[in-house]
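Chemist: Okay, sequence plus prediction incoming.
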Amino acid sequence: MSAACYAARELGLPVQVGIWAGVVFGIVNLLVAPLSGLLADWLRRKPVIFWSRVVLLLLVFPCFHWLLAAPSPGRLYVVVGLLSVCLTSQFPALLVMLTEIFPKHVRASGLSTVYSVVVAVFSGFSPFVLTWLVHETGDKLAPAWYLVAVTVVSTLVMPWLVDRTGEDLDAESPKEAPSRVRGAMPVGSFK
C-alpha cells in the first residue's frame, strides 16, 4: 500500500508523513542496494535473497503491531526503514538472477517483460488491493498479510532457480546460440 495512503487513512497521520516515508525507502535503497549487491557477489545470490526474506517475515508483524499500537511519524519511518532494508537487500541479487534466467539473445527483452509485468501487477495494483482489503476486513494488518503472502509464494519457487554466481553467461556453446536473431544488430553496432 502506498505509505501516504496508509499513513493518512489507517494511521491518522498527515499525508506528508507518508510521502516522507517514501523518501526513507529511497534513501535506504540508495545505501543498502550496493552493499547487498557486493554481498550477493561474494556469498552467492540465493542465500542473500532467502535470508533477507526470512528476516522480513520475522520482522513484518512485530513492526506493524508496534506501529499500530501508537502511530507516529517516527514509528512509521523506523518501520519503513527496517522493512526497506529487508526488501532492498534482495533486489540486486534478484534482478541479476532474473537476468541470468534468459539466454543471451533474449536477455534484455525477457527481463524487461518480466519486470514490467511484475511492477504493473504488484506495484501498480497493490495500493488498490490493500486499501480494499483493509476496508473489507477491517484489519489494519492487511498490508502485512499481503507482504507475507507475496514473500512466501515467491520464495517457494527459489529451489528451481539456478544460482549462476561466477559463471560466464556469455560462454554459450555454438549449438545453444542462435545463428541469427531477426532484427538484431551486431555487437558494438548502433545503426
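Modeler: Looks like it came in fine. This is a predicted model, so every value here is computed, not measured.

Chemist: contacts and neighbour counts: CA atoms only from here.
Modeler: Fine.

Chemist: In contact with the closest residue to residue 77 other than its chain neighbours, which residues are there?
Modeler: The shortest distance from residue 77 to any non-neighbouring residue, by CA to CA, 6 or more residues apart in numbering, is to residue 21 (5.6 Å). Going by CA atoms under 8 Å, 6 or more residues apart in numbering, residue 21 touches 3, 4, 76, 77, 80.

Chemist: most neighbours, which of the residues you listed?
Modeler: Highest neighbour count within the contacts of residue 21: residue 76, with 26 neighbours (other CA atoms under 10 Å).

Chemist: Which positions in the helix or strand harbouring that residue come out as buried?
Modeler: Using DSSP states H and E, residue 76 falls within helix 73-101. Neighbour-count burial for helix 73-101, counted by 16 or more other CA atoms under 10 Å, picks out 73, 75-77, 79-94, 96-101.

Chemist: What sits closest to residue 93 if chain neighbours are left out?
Modeler: Nearest non-adjacent residue to residue 93, counting by CA to CA, 6+ apart: residue 45, 5.1 Å away.

Chemist: re the thing from before, would you mind getting the angle between the helix or strand that the helix holding residue 76 is followed by and helix 73-101?
Modeler: Going down the chain from helix 73-101, the next helix or strand is helix 107-118, by DSSP H and E. Using axes from the mean of the first three to the mean of the last three CA atoms, to 10 degrees, the inter-axis angle of helix 107-118 relative to helix 73-101 is 140 degrees.

Chemist: Show me what counts as buried in the helix or strand following helix 107-118.
Modeler: As assigned by DSSP H and E, the chain's next helix or strand after helix 107-118 is helix 125-137. If you call a residue buried by 16+ other CA under 10 Å, then helix 125-137 has these buried ones: 126, 127, 129, 130, 131, 133, 134.
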